[in-house]
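Asker: What follows is a predicted protein model with its sequence.
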2 protein chains.
Amino acid sequence: MTVTETAPAPVPVRPCFELERQRHRRPRPGGRDRYTISEVAEYAGLSAHTLRWYERIGLMPHVDRSHTGQRRYTERDLDWLDLVGKLRLTGMPVADMVRYAELVRQGASTVAEREQLFLAHREDVRRRIEELRGTLDVLDYKIEIYADARRRASEGA
Amino acid sequence: MTVTETAPAPVPVRPCFELERQRHRRPRPGGRDRYTISEVAEYAGLSAHTLRWYERIGLMPHVDRSHTGQRRYTERDLDWLDLVGKLRLTGMPVADMVRYAELVRQGASTVAEREQLFLAHREDVRRRIEELRGTLDVLDYKIEIYADARRRASEGA
DNA sequence: CGCTTGCCTGGAGTGCACTCCAACTCTCTA
DNA sequence: TAGAGAGTTGGAGTGCACTCCAGGCAAGCG
């Protein structure tokens, strides 16, 4: 039995944090409760493509339609997208968010499971913060080394 | 001109943090300075596949070979992999790490640029930590809501 | 009436970071 | 000397999260 070709852990590739995202948040256009897809895209910092895709994969509650079949989003939808945005920011995989959306659809009986999900995720986020802090130390160390080297070079020593 | 289909920001998809990774770190097998690929894989928590791939894309300094052409890694290579692991943990894109590796190969003249690279990256990491902290608040809030709901339910009120 | 603009759909394409495969060689132990 | 188990290669495949495209419909305006 060889150990070589087994990756020690299943190395998940996950999306990270869109640093720019938050800056693009606009105030909600006055409470008409019938927002078009482009208004929502602007508000949530997502493309219209992505909003439709979220719906396809079950990450949105059912979105209202106008009499001609165009999407009309409500305040509740915007709230939902705010939450999804936060979870996304933490690097939660889309599949997990879809799972959560399913639980919400299933109603009050899934409250305990939803709480568990968030508890587990919170631990994850905390660990990740610690991890990042650890790498900051390495970065500090490296930067100091380079700063020293630069100083020594400019002194012409 | 439509604004709808333009994603407000280029939404980079980046790998995140392998939480399990660090736990798999083994002490370096006694300083023989001629480690095989499977030893290094074990040590670094990467698969042998990935080590070869790192080399192909220029993320490794040139790795020594045995007389039959098998890779033999040195302590320096392990140090390099430690650094790469840390950078990876911060979500630095592989392309950026390759860029850094190139600068190192080019020698002392690139010290200033390397320092810049790390400075910029450190800012990035700091911002990301803040971001995560922000999402922790949302998680706390959600968890409290669910805990309340559960308490109320169990009281049968 | 035609034009522009915004929206619709299913499905194909993209970029990243691996991950694996086939076909082979080399080394070591029984 | 045979076979297991380690290593080698280039290139193809995978999974995720989008991202885009073609082709079409509906409303508003000059």
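Answerer: Alright, I've got the coordinates.

Asker: so how far is B:L59 from A:K142?
Answerer: According to C-beta to C-beta, to the nearest Å, A:K142 stands 17 Å off from B:L59. For the C-beta atoms, the positions are set from N, CA and C on the backbone; glycine is no exception.

Asker: residue contacts, A:I129?
Answerer: A:I129 makes contacts with B:129, B:132-133, B:136, as judged by C-beta atoms under 8 Å, 6 or more residues apart in numbering or on different chains.

Asker: before we move on, what about A:D96?
Answerer: A:87, A:117, A:121.

Asker: Is DNA strand C within reach of the helix or strand where the second one lies?
Answerer: This points to A:L117. Assigned by DSSP states H and E, A:L117 belongs to helix A:111-154. No - Helix A:111-154 is not in contact with DNA strand C by C-beta under 7 Å from any atom of the strand; minimum separation 14.8 Å.

Asker: before we move on, back to that, among the contacts of A:I129, the buried ones, what's the ChimeraX command?
Answerer: Listed next is the ChimeraX selection for buried residues among those, using 16 or more other C-beta atoms under 10 Å in any protein chain shown:
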select /B:129,132,136
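
Asker: domains for chain A, by residue range?
Answerer: Domain ranges of chain A: A:26-106, A:110-157, per automatic domain parsing.

Asker: can the ones you listed go into CSV with extra columns for mean pLDDT and distance to DNA strand D?
Answerer: Output for those, formatted as CSV (pLDDT from 0 to 100; distance: least, C-beta to the nearest atom of the strand, whole Å):
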stretch, mean pLDDT, distance to DNA strand D
domain A:26-106, 90, 3
domain A:110-157, 89, 13
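
Asker: Show me the strands in chain A, by range?
Answerer: Under the criterion DSSP state E, chain A contains strands at A:64-65, A:71-72.

Asker: Please identify the deepest-packed of these.
Answerer: Mean neighbour count (mean count of other C-beta atoms under 10 Å in any protein chain shown) peaks for strand A:71-72 among the strands of chain A, with a mean of 19.

Asker: what's that one packed up against?
Answerer: With contacts taken as 3 or more C-beta pairs under 8 Å, 6 or more residues apart in numbering or on different chains; DSSP states H and E, strand A:71-72 sits against strand A:64-65.

Asker: Other residues contacting the strand it packs on?
Answerer: A:34, A:71-74.

Asker: Ok, which of the strands of chain A comes nearest DNA strand C?
Answerer: Closest approach to DNA strand C among those (C-beta to the nearest atom of the strand): strand A:71-72, 3.2 Å.

Asker: Contacts for that closest one next, please.
Answerer: Contact partners of strand A:71-72, identified using C-beta under 8 Å, 6+ apart, comprise A:34-37, A:51, A:63-66.
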